[in-house]
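Trainee: Got a sequence here, can you model it:
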Amino acid sequence: MQKVSARQKHIVSCFDCSFLRSLTLIAIFLPVITFGFSVDTSSRSEEGLARYNRSCGRRQKTVGVSERIVNGTEAKHGDWPWVVGLYNKSSSTHFCGGVLISERTVLTAAHCVMYE
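Mentor: As a prediction, this is how the structure comes out:
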């Protein structure tokens with residue numbers, strides 16, 4: 001198993017995601033660094049798991065919102081704080097999406113950042 005750094009543990013556990021609430025759109029430009037890691041949770045105590053912010057990365061419940069799109073409504077500022085839009089710097093066109101996994105790290109698909 002790969003060793004996990006303290007920084008990576010913070011990203012996985014997401015103790016404080018309050019800074020995400022003010023972000024609705026982020027533009028990211030190359031270079032992009034990707035990495036992979038896994039965390040062994042079998043040795044964690046119940047007390048340690050209780051400290052996790054289980055609502056982090058989850059949309060807050062809104063009364064009257066359906067699971068289906070029916071007569072769609074626009075998302076309000078802060079409804080989806082971890083969603084990222086990737087834009088072409090020169091033409092300002094949207095080309096891909098991603099998800100914010102830390103204060104300065106975006107996870108996206110490989111095809112979004114590969115050039116022919």
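Trainee: what's next to stretch 88-97, contact-wise?
Mentor: For stretch 88-97, contacts defined as Cβ atoms under 8 Å, 6 or more residues apart in numbering pick out 27, 29, 83, 84, 85, 86, 87, 108, 109, 111, 112, 113. The way it works is simple: take the backbone N, C-alpha and C, and place the C-beta from them, glycine included.
Trainee: just those residues now: which is nearest residue 73?
Mentor: residue 83 (16.0 Å; Cβ to Cβ).
Trainee: just to revisit the earlier point, from the contacts of stretch 88-97, keep the buried residues only.
Mentor: 83, 84, 86, 87, 108, 113 (16 or more other Cβ atoms under 10 Å).
Trainee: Tell me the buried residues in stretch 77-96?
Mentor: Residues of stretch 77-96 classed as buried: 81, 82, 83, 84, 86, 87 (neighbour count, 16+ other Cβ under 10 Å).
Trainee: Tell me the one among these nearest to residue 72.
Mentor: Taking Cβ to Cβ as the measure, residue 72 lies nearest residue 83 of the buried residues of stretch 77-96, at 16.2 Å.
Trainee: CA-only coordinates of stretch 98-108, as CSV, when you get a sec.
Mentor: What follows is stretch 98-108, C-alpha atoms only, in CSV (Å, rounded to 0.1, in the frame of the first residue of the first chain):
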residue,chain,number,x,y,z
GLY,A,98,-14.0,18.9,-12.7
VAL,A,99,-14.3,18.9,-9.0
LEU,A,100,-12.5,20.8,-6.3
ILE,A,101,-10.7,18.3,-4.0
SER,A,102,-8.6,20.8,-2.0
GLU,A,103,-8.1,24.6,-1.8
ARG,A,104,-5.9,24.6,-4.9
THR,A,105,-6.4,21.1,-6.6
VAL,A,106,-8.9,20.2,-9.3
LEU,A,107,-9.7,16.6,-10.2
THR,A,108,-10.7,16.2,-13.9
